[in-house]
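Novice: Here you go, sequence then predicted model.
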Amino acid sequence: MQLQVIQKKIYEIRGQKVMLDFDLALLYEVETRVLKQAVRRNLDIFPDDFMFQLTRDEWKLLTSQIVMFEKGQGKGKYPKFLPFAFTEHGVTMLTNV
């Protein structure tokens, strides 16, 4: 991914700059479910200040502000599982999983 594309996928949530799991899965060229499985197996290296799961209200607010989240793109308005948000430190730890 180009730097500008990556920068557009950085959001501010809970006062922290984060990237969402499905964007990181694209970056690392893996399926989102595979990325989430790896994270769940290694939860001990992801404290709350490295990663957190969005609440339904946070997801609703984010999708209302950003047009790119449309049902046709596989990230529907009501996902089965809410996305994980990774801070800069979380993204770094993710490369070690």
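Specialist: Yep, it's here.

Novice: wait, isn't residue 97 in contact with residue 38?
Specialist: Yes: counting by Cβ atoms under 8 Å, residue 97 touches residue 38, with 4.5 Å between them. Where C-beta positions appear, they are placed from N, C-alpha and C, glycine not excepted.

Novice: State whether residue 94 and residue 86 are indeed in contact, as I suppose.
Specialist: Yes: assessed by Cβ under 8 Å, residue 94 is found in contact with residue 86 at 6.1 Å.

Novice: which neighbours do the two share?
Specialist: residue 24 (Cβ atoms under 8 Å, 6 or more residues apart in numbering).

Novice: Show me which positions of stretch 38-49 end up buried.
Specialist: By 16 or more other Cβ atoms under 10 Å, the buried positions in stretch 38-49 come out as 39, 46.

Novice: Tabulate the CA atom coordinates of it in CSV.
Specialist: What follows is stretch 38-49, C-alpha atoms only, in CSV (Å, rounded to 0.1, in the frame of the first residue of the first chain):
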residue,chain,number,x,y,z
ALA,A,38,-3.8,-14.6,15.6
VAL,A,39,-4.6,-11.7,17.9
ARG,A,40,-7.0,-13.7,20.1
ARG,A,41,-4.3,-16.4,20.5
ASN,A,42,-1.8,-13.7,21.7
LEU,A,43,-4.1,-11.4,23.7
ASP,A,44,-1.4,-11.2,26.5
ILE,A,45,0.8,-9.0,24.2
PHE,A,46,-2.0,-6.6,23.4
PRO,A,47,-2.9,-4.5,26.4
ASP,A,48,-5.7,-2.0,26.2
ASP,A,49,-3.5,0.8,25.2
